[in-house]
Every structure is written in structure tokens, then in C-alpha cells.
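A.B. asks: Sequence first, predicted coordinates after that:
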Amino acid sequence: MAEKIVRDLTIPGDEYILLSRESTLMDAIIKLRQRQRDLGPRGHTSIIVTDDAGKAVSMLTMFDILRGLESQYQELHHLDWDRYGIGEEKLERLFSDHGIWVKPLEDLCSRVDRVKLGDLSVDHCTEDTISAESTLNQAIRKMIQCRAHNLMVFEKKQKFLGVLRTVDLFNFVCSLVEKCNIQQGQLGGES
């Protein structure tokens, strides 16, 4: 049996919503919600953002969309709070003192129509992409390194093929572990 590669577990790009950088958070939220209704439990939780030429350039997750609701968050998103020893209590005080996430939902309707997807800083990793021909070991390493739940999959670094999701990779690992358990049971004489 040939070793599986990233391409084998990739969800096709045409199953994802593609929106331009000029689209708004409102566009993203409405389209993502509709896609989830259409696909049910298999609904995707990310949107692919394209440049002016229609080329996939980044991916927005539901977390990125929620972060985008607070404009001041864009100035602070890059800080690693744990690294600087800022605990939850200090963080709450910092946010309160600077008016961040105090009442983010009160003017939600006007905010989601003003924020462009291209204005959101999405720094999941320096490269949250992977080649379709990469090994699954490389994909796991990259996901851990980038703390990414999804990787955009490209063929020859140019053609967007789709998305490798953590859940699909995890399910594949589970299937391997189940085979180990079956083999150990047969070899070890478990009852």
C-alpha cells in the first residue's frame, strides 16, 4: 500500500467559500452560515480569501472572524499573552482599561459591514500552506508548529487545491491506532 500524502486527505477547494479581500465581515458571516446550513455537520468553518486576480491568499477561520469584530484587536493580535506572563485577570483589566471587547456586540451591525476581509491581520503562521505532495508527517509537524487547525493545500505552490483539516488528519491517525490495537489483540492473545 502506498503511503498517504496530503492530497489524499484534502477537502476540495470548491467546497469552500471564496471571497475577495474587499468583501466584508458581513459577507463572510452570512455566506459561512449558509454553507453550514447547506452542508450540515460537515459544514466548513473557514473561508478562503482571494486577491484581485482571484488567487487564494489566506484563510479566515471562525476565530479570525470573531476577532475581527473588535477593531482594536487588530493592533494587539500579535502579542503572545502567555509568553509575557499576562494572566486572565491582568488581561481582563487591560481590555477594560482600553475599551477592548467591553461591548463588542452592541454596534455589531454597523461594524460587520465596514470591516473588509483584507483589513484583518491573519498571522496563523508565516506559511499556513502545504504542498499537496507533502507527507502526512510533514503536515502534522506544520500544524503543530503553526498552531493551525487547517492548512491551505497548493500544487506546485500556485494552484489552490483545497484544505487539509486537523479533524481529517486526526481521524486518519485514529484509524491507524485502531489497526495497532487490533494487531496487538491478535498477537497478545487478549480476551
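C.D. replies: Cool, got the structure.
A.B. asks: any idea which helix or strand carries Gln138?
C.D. replies: If you go by DSSP states H and E, Gln138 is part of helix 136-146.
A.B. asks: After that helix, which helix or strand is next? Please name it.
C.D. replies: Heading C-terminal from helix 136-146 (DSSP H and E), you reach strand 150-155.
A.B. asks: Parallel or antiparallel, list what pairs with that next one.
C.D. replies: Here strand 150-155 is paired, per DSSP bridges, with strand 129-131 (parallel), strand 159-165 (antiparallel).
A.B. asks: buried set for that strand?
C.D. replies: Going by neighbour count (16 or more other CB atoms under 10 Å), the buried part of strand 150-155 is Asn150, Leu151, Met152, Val153, Phe154. Yep, even glycine has a C-beta here, placed from its N, CA and C like the rest.
A.B. asks: ok, Ile5 - how many residues close by?
C.D. replies: By the criterion of other CB atoms under 10 Å, Ile5 has 16 neighbours.
A.B. asks: for it, which residues make a bridge with it?
C.D. replies: Ile5 has these beta-bridge partners by DSSP bridges: Thr135.
A.B. asks: which residues of the chain score low on pLDDT?
C.D. replies: 1-2, 41-42, 70-88, 90-107, 121-126, 181, 183-191 (pLDDT under 70).
A.B. asks: mind listing the helices in it by residue range?
C.D. replies: Along the chain, counting by DSSP state H, helices occupy 6-9, 25-39, 62-68, 73-76, 88-97, 108-112, 136-146, 166-188.
A.B. asks: Just the CA trace of stretch 61-72, in CSV.
C.D. replies: Output in CSV follows, covering the C-alpha atoms of stretch 61-72 (Å, rounded to 0.1, in the frame of the first residue of the first chain):
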residue,chain,number,x,y,z
THR,A,61,-11.4,30.8,10.5
MET,A,62,-14.5,31.5,12.7
PHE,A,63,-12.0,32.6,15.3
ASP,A,64,-10.5,35.2,12.9
ILE,A,65,-14.0,36.4,12.2
LEU,A,66,-14.8,36.8,15.9
ARG,A,67,-11.5,38.6,16.4
GLY,A,68,-12.3,40.9,13.5
LEU,A,69,-15.4,42.2,15.3
GLU,A,70,-13.2,44.3,17.6
SER,A,71,-11.2,46.8,15.5
GLN,A,72,-8.6,47.5,18.3
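A.B. asks: would CSV of the helices of the chain with distance to Thr50 be doable?
C.D. replies: Shown next, in CSV, are those (distance: least, CB to CB, whole Å):
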stretch, distance to Thr50
helix 6-9, 21
helix 25-39, 12
helix 62-68, 15
helix 73-76, 20
helix 88-97, 32
helix 108-112, 20
helix 136-146, 21
helix 166-188, 23
